[in-house]
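**Student:** here is my input; please provide its structure:
(3 chains)
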Amino acid sequence: MKKKIVSIMMTGILAAGMLAGCGGSKPADSSAQPAAEPAAEGEAAGEAEAVDYGSGEIKIWVAENVVDFTKEQCDAFFAEHADMAGYTVTVEPVGEGDAAGNVITDVEGGADIYGFAQDQLARLVAAGALTPIAGDEQTLISGWNDAASINSATVGGTLYAYPLTSDNGYFLYYDKSVVTDPTSLEAIIADCEAAGKGFYMEINSGWYQTAFFFGAGADLTYETDDAGNFTACNAGYATEEGVAAMKAMINLHKSKAFNNGSSISNAANCAAIVDGTWDSGAAKDLFGENYACAKLPEFTVDGTTYQMSGFGGFKLMGVKPQTDAGKLQVCKALAQYLSSEAVQIARYNAVGWGPSNLNAQQDEAVKADEALTALSEQLQYTIPQGQYPGDYWTLATSLGDSIISGDYDNADDAALMAALQDFQATCEGYAK
Amino acid sequence: MTKKKRIGLTISYIVLILISIIWLFPFFCLVLQSFRSYQTEFGGMVNYLVPKQFSLDSYKFLFTEGSQFTRWYANTFVIACVVSVLQTVVVICVSYALSRMRFAGRKLLMNIWLVLGMFPGFLTMICLYFLLKQMGLTQDGAVPGLILIYVASSGMGYYVCKGYFDTMPKALDEAARIDGASRFQILYQMIIPLSKPIIIYTMLVSFMAPWCDFVFASYVAFGKSDSYNVAVALQRWVWTNDYQGYFTRFCAGGILVAVPVTLLFMFLQKYYVEGVTGGAVKG
Amino acid sequence: MGEKKTIGRQIAEAFGWLGADLKDIGTTFAQGDFRTRISYLIMGFGQILRGQFVRGIAMLASQGLLLYFIFGFGMQYLKDITTLGTSGRGFNPDGTVSYGDNSFFILLYSLLTIFAIAALILLWRINLYHNRDAQRLLAAGKKLPSNRQDLHSLLDHNFDKTLLALPCLGIFVFTVLPIIFMICVAFTNYDYNHQPPSQLFTWVGLENFKNLFSMGGDGYGSTFFTVLGWTLIWSFFATFLNYFLGMAVAILINQKGIKFKKLWRTILVMTIAVPQFVSLLYVGKMFAADGLVNSYLIKWGFITRAIPFWTNPLYARILIIVINLWVGIPYIMLIATGLLMNIPEDLYESAKIDGANPFQMFFSITLPYMLFVTGPFLLTQFIGNLNNFNVIYLLTQGKPQSMSLKGGAGYTDLLVTWLYKMTVNDTDYKTAAVIGIMVFVVTAVISLIVYNVLPSVKDEEGFQ
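**Tutor:** Below is the predicted model of the structure:
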């Protein structure tokens, strides 16, 4: 009578067999062909040698608004490189945050080439999701792009990604008819309060928060080794400067004009917002003829005035580690192409992303861009963003949320110092 | 009617009207927002309710060539239909076996399933993802993959249906067996025709669930936008910074999802009520 | 069966059973003919020789497949189960990558192999039963069930096995196996720093549990208990407020003299019908600092500055419970409507004659009846609310976070939403697994308590 159990089991075995069949690529996957190959092929990838690159599919993940652009550029690339035409490219709209998250979850399932914001770099390296860029290629890429962007793409001493933009910083967009003096935070707040409008800044983000901390003179940087592990933390948050920054944020949160946010399309009542170039289109739509932008304002705490600082960040493009040598060559060549001078200029023209390529930065149209000008004005006060552990961003959100929920509204300096000591100790704990 | 009663009724009506307003207000707002143009007005959040100008831009966008909305919609529809049928079959099979038949290990099986049900579903997400990946049912294969996942564990959701079967007199079975009918014939020829309400209830509930899954569906699609369902895709329009000014389009898409599901639900409400009431009484 | 057995006696019984079983295996062999004896090695041999081809071939085929799976595939993983892999990833001179051991699949396939071995032993034992019984039947001069009878029984008295085969298989592969896998993960260091295929993870014993419960320093202790506390508070209010208010609304609509009953119900039921990711996402936005509610309150002069609905922990918690009413009341209303009609009218009539007012009638007639009938339902509701991911995540994503909570947890996080964030945002699977186990423990404890308080829940046959 137990016979049907037999068939249950049998189906079980069948399913197991199916699993086995699909997943049986365990140890013997060293398809590493030690093919003699030129380490870097530059732009004209050695057409004369007629290397067999094989064929296959290359998956690319980029932000929604550059999907079409990237497709066109890929077509142009393969038109130029007929020897690599065995590969077909699919471009999927996967935003920078999602791309990094997905690739970290499952490296093998992730895209071969993907764009991401630099704050994810260390996590991606730790998860083994990036191919190192070494030797001649490293020299080549380093020569193309500004030093800060190269630094941002470097973990330990190894370059891991191709810089795409140097515009991942933030500055102030505002409504000219409301804000009269964009150089002082207090004045902006006063104008907004008077007009019943909002001032938006995402102070519960570890990224925007540093405008205050770094501005006041507190610092926080990490050192990494080649594997993406954090080895040391240099933190100066539990200092008088840190307390001043905290006070400035607490004062800001106390204003009724303050709103926590950095996305224009979610800002329903906006007269001024701290935001980046990616929102310049939306900002123009929203403010119309009153659209204006400027560097970040100064803020005053206990009679001392500080200039807001912050992170100057970068968008990068990475190539996933490949097991096939031919495909790796093609991916690298394609990533080089997509981050090259001409494509960076074209990308600026298409979607307004500010180039990291030194030559492209000298392009007339780029130089004339209002938002990028505001950004570059701001950049002289900012710190090029290095590597930060994933936990830092979560912790900073907690700090910001604590400020916004009013935990420190009545705190004295000692209490703020205690909170910052706690924060700093936790930050230091991430580097071991 | 006494005066007291009349006052009581009046108050009841006022309360009911207030409740109705509260209940309908968000949907009303949602509809209004969806008629705001993202081109001429603003596609993001605004702090006023009535659009300055009514427009169908947001709806039009969903059906333009660049938008994959129809694709996502079709994916979800296919998943919902297939899951609805398969899940119902599974649930009926399990319920019949557990309700009408007595076999060794029956109690044990029910207890094991009860215990399994106490683990949160999200716990196993990562493992399920890799299992599906091994079978090639992620990314391009996300639609069949999701169907498989939804259907595979549906056997554990037998409570309501079994409760319904339990209420049918056992004497029916016994009479039929004396007449020489096999268990299969009893299920096929007697129980199923008598179970129309519970079948419709099960189908309805399992049809509605896939429309809401934005968590696991996003995991399984893994960045392949052709494989998204509507929930995953629309949720990105609100939460991801890449989609500036997509809020009105989210509202429009949401309405297009909500309307057919709601209509279907209203149409079959009677069965739904019967199902949940039966389920509540029997635990 | 009803009496409680001591654990000692249970163990003794188990050993007794095992002993008897081993003895039976021995006697079956001793008394068996050559067909039975060869079946000890080649499963199904005896059945085939006795003409029971269906059984025999099924046995033989499953033995073959299982052995093939275990030795052809599973063993290479199972041998690494103690270390979960030793050889890491490396880059070749040409820049390509060679992945080494994959701890994830070593663990997963090892589990599968262990299950396969267990299945093989079980089948082998069943195979012996078959042979023994067949031999006895033949010895007694009776006929064995024919192949046709065997097959037909699958639609008749063995129909349960046909019905349950696929559902059980599905549950095994997609529920049992993953749950056991994740329970194992709770004892490893599988997280963002140990992520296959690039990195290995390995066993760490009770480290993760210690970390979840340790109070000071980096430990999650105080955070865990804050989140657990809120999870229980939330479940309590979400269950009972919905229950009583839903019942109240049902009574309101069912009053004599109220017209358009169906219309009122239909309006309320909208919240069940419209997918939550649409309705709740929108409602969440309505209460933002610059959302519709605040804007209009300011515009109309009720308030001068926005109410921090989502950023103040207390407000956020209250608002979530209130919005959950919007979702939950209709559901209870539907259920209560049906049940209220079942209460005999004359109960109310006689209470009225005794001079009871509506409130007294509610508390002495309606409520006891409803509680009696829906007791088990309340338990399922409570447990469902412990795991009510959608409402929390779509409204707040667990925010606001705080410096006093670790691991990215927020004040409105339930254990499940925290688990979700651990899995998806932080890829901290080890901690997520531990939290998942804790959710199980909480659910199980509550269920056990309620089962003991409400004896009627246990009585399954009583409803038939």
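
**Student:** contacts only, for the closest residue to chain A within the stretch 1-150 of chain B.
**Tutor:** Going by Cβ to the nearest Cβ, chain A is nearest to B:G44 of the stretch 1-150 of chain B, at 2.8 Å. C-beta: built from backbone N, CA, C; applies to glycine. Contacts for B:G44 (Cβ atoms under 8 Å, 6 or more residues apart in numbering or on different chains) come out as A:263-268, A:282, A:286, B:244-245, B:247.

**Student:** recalculate using a threshold of 10 Å.
**Tutor:** If you count contacts by Cβ atoms under 10 Å, 6 or more residues apart in numbering or on different chains, B:G44 has them with A:263-268, A:270, A:282, A:285-286, B:36, B:38, B:243-248.

**Student:** mind checking which of these are in strands?
**Tutor:** Using DSSP state E, the members of the contacts of B:G44 that fall in strands are A:C270.

**Student:** in helices, which of the contacts of B:G44 appear?
**Tutor:** A:282, A:285-286, B:247-248 (DSSP state H).

**Student:** quick revisit: of the contacts of B:G44, which ones also sit close to chain C?
**Tutor:** A:266-268, A:270, B:247 (Cβ under 10 Å from any Cβ of the partner chain).

**Student:** what is the most widely separated pair among the residues you listed?
**Tutor:** Taking Cβ to Cβ as the measure, the ones next to chain C among the contacts of B:G44 span a maximum distance of 13.8 Å, between A:C270 and B:F247.

**Student:** overlap in contacts of the two?
**Tutor:** B:44-45.

**Student:** part of a helix, is A:M317?
**Tutor:** No: secondary structure of A:M317 (DSSP: H, G, I helix; E, B strand; the rest coil): strand, not part of a helix.

**Student:** returning to what we had before: between the ones next to chain C among the contacts of B:G44, which sits nearest chain C?
**Tutor:** Checking the ones next to chain C among the contacts of B:G44 one by one against chain C (Cβ to the nearest Cβ), the nearest turns out to be A:A268, at 4.3 Å.

**Student:** with adjacent residues omitted, what lies nearest to the most centrally placed residue in chain A?
**Tutor:** For chain A, A:A117 is the residue whose C-alpha lies nearest the centre (Cα atoms, centre = their mean; 1.5 Å). Distances taken as Cβ to Cβ, 6 or more residues apart in numbering or on different chains place A:E96 nearest to A:A117, at 4.6 Å, with adjacent residues excluded.

**Student:** the helix or strand that contains A:E92: which residues count as buried?
**Tutor:** Using DSSP states H and E, the element containing A:E92 is strand A:87-93. Under the neighbour-count criterion of 16 or more other Cβ atoms under 10 Å in any protein chain shown, strand A:87-93 has A:87, A:89-93 buried.

**Student:** how about the strands in the stretch 301-432 of chain A?
**Tutor:** With DSSP state E, counting those that start in this stretch, the ranges of strands along the stretch 301-432 of chain A come out as A:304-307, A:311-319, A:383-384.

**Student:** contacts for the shortest one?
**Tutor:** Residues lying outside strand A:383-384 but in contact with it, judged by Cβ under 10 Å, 6+ apart, are A:118, A:146-152, A:166, A:169, A:210, A:214, A:219-221, A:309-314.

**Student:** make a ChimeraX selection of the buried ones in those residues.
**Tutor:** Buried subset of the contacts of strand A:383-384, written as a ChimeraX selection, criterion 16+ other Cβ under 10 Å:
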select /A:118,146,148,149,150,151,152,166,169,210,214,219,220,309,310,311,312,313,314
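
**Student:** near chain C, from the contacts of strand A:383-384?
**Tutor:** Counting by Cβ under 10 Å from any Cβ, no member of the contacts of strand A:383-384 reaches chain C.

**Student:** near chain B at all, the helix or strand hosting C:F224?
**Tutor:** Per DSSP H and E: C:F224 is located in helix C:221-254. Yes: interface with chain B: helix C:221-254 contributes C:248-249, C:251-253 (Cβ under 10 Å from any Cβ).

**Student:** how much space between the closest residue to B:F61 other than its chain neighbours and chain A?
**Tutor:** Spatial nearest neighbour of B:F61, chain neighbours left out: B:R249 (5.5 Å); criterion: Cβ to Cβ, 6+ apart. Separation of B:R249 from chain A (Cβ to the nearest Cβ, to the nearest Å) stands at 11 Å.

**Student:** B:R249: neighbour count?
**Tutor:** By other Cβ atoms under 10 Å in any protein chain shown, 23 other residues sit near B:R249.

**Student:** so how far is B:G44 from it?
**Tutor:** 11 Å (Cβ to Cβ, to the nearest Å).

**Student:** for B:R106, same thing?
**Tutor:** 57 Å.

**Student:** can you check C:M270 too?
**Tutor:** Distance from C:M270 to B:G44, by Cβ to Cβ: 26 Å.

**Student:** before we move on, what about B:Y73?
**Tutor:** Distance from B:Y73 to B:G44, by Cβ to Cβ: 24 Å.

**Student:** and C:T412, by the same measure?
**Tutor:** Applying Cβ to Cβ to C:T412 and B:G44 gives a distance of 25 Å.

**Student:** which residues touch C:M215?
**Tutor:** Shown in contact with C:M215 (Cβ under 10 Å, 6+ apart): C:221-225.

**Student:** who wins for neighbours among the residues you listed?
**Tutor:** C:F224 (25 neighbours).

**Student:** hmm, it is touching C:V439, no?
**Tutor:** No: look at C:F224 against C:V439 with Cβ atoms under 10 Å: they stay out of range, at 11.3 Å.

**Student:** overlap in contacts, the two.
**Tutor:** Common neighbours of C:F224 and C:V439 (Cβ under 10 Å, 6+ apart) are C:415, C:418.

**Student:** which neighbouring elements make contact with the helix holding C:F224?
**Tutor:** helix B:3-34, helix C:207-213, helix C:261-273, helix C:313-340, helix C:367-386, helix C:389-395, helix C:415-424, helix C:429-453 (3 or more Cβ pairs under 10 Å, 6 or more residues apart in numbering or on different chains; DSSP states H and E).

**Student:** pull out the buried residues from the longest one.
**Tutor:** It refers to helix B:3-34. For helix B:3-34, by 16+ other Cβ under 10 Å, it's B:9, B:12-13, B:16, B:19-20, B:23, B:26-27, B:29-30, B:32-34.

**Student:** now do the third one
**Tutor:** Along helix C:261-273, the positions that meet the burial threshold by neighbour count (16+ other Cβ under 10 Å) are C:264-273.

**Student:** and the nearest residue to C:F174 once chain neighbours are set aside, what does it touch?
**Tutor:** If the residues on either side of it in the chain are set aside, C:F174 comes closest to B:A152, at 4.1 Å by Cβ to Cβ, 6+ apart. Residues near B:A152 by Cβ under 10 Å, 6+ apart: B:86-87, B:90, B:128, C:166-167, C:169-175.

**Student:** again, but for A:A414
**Tutor:** A:A414 sits in contact with A:V243, where contact means Cβ under 10 Å, 6+ apart.

**Student:** quick one, what contacts the nearest residue to C:I392 once chain neighbours are set aside?
**Tutor:** If the residues on either side of it in the chain are set aside, C:I392 comes closest to C:T417, at 5.0 Å by Cβ to Cβ, 6+ apart. By Cβ under 10 Å, 6+ apart, the residues touching C:T417 are B:122, C:227, C:231, C:387-393, C:396-398, C:409-410.

**Student:** switch to 7 Å and redo it
**Tutor:** C:389, C:392-393, C:398 (Cβ atoms under 7 Å, 6 or more residues apart in numbering or on different chains).

**Student:** rewinding a little: wait, which of the residues of helix C:221-254 next to chain B is closest to A:T373?
**Tutor:** C:V249 (59.5 Å).

**Student:** any idea how far C:V227 is from that closest one?
**Tutor:** Distance from C:V249 to C:V227, by Cβ to Cβ: 31 Å.
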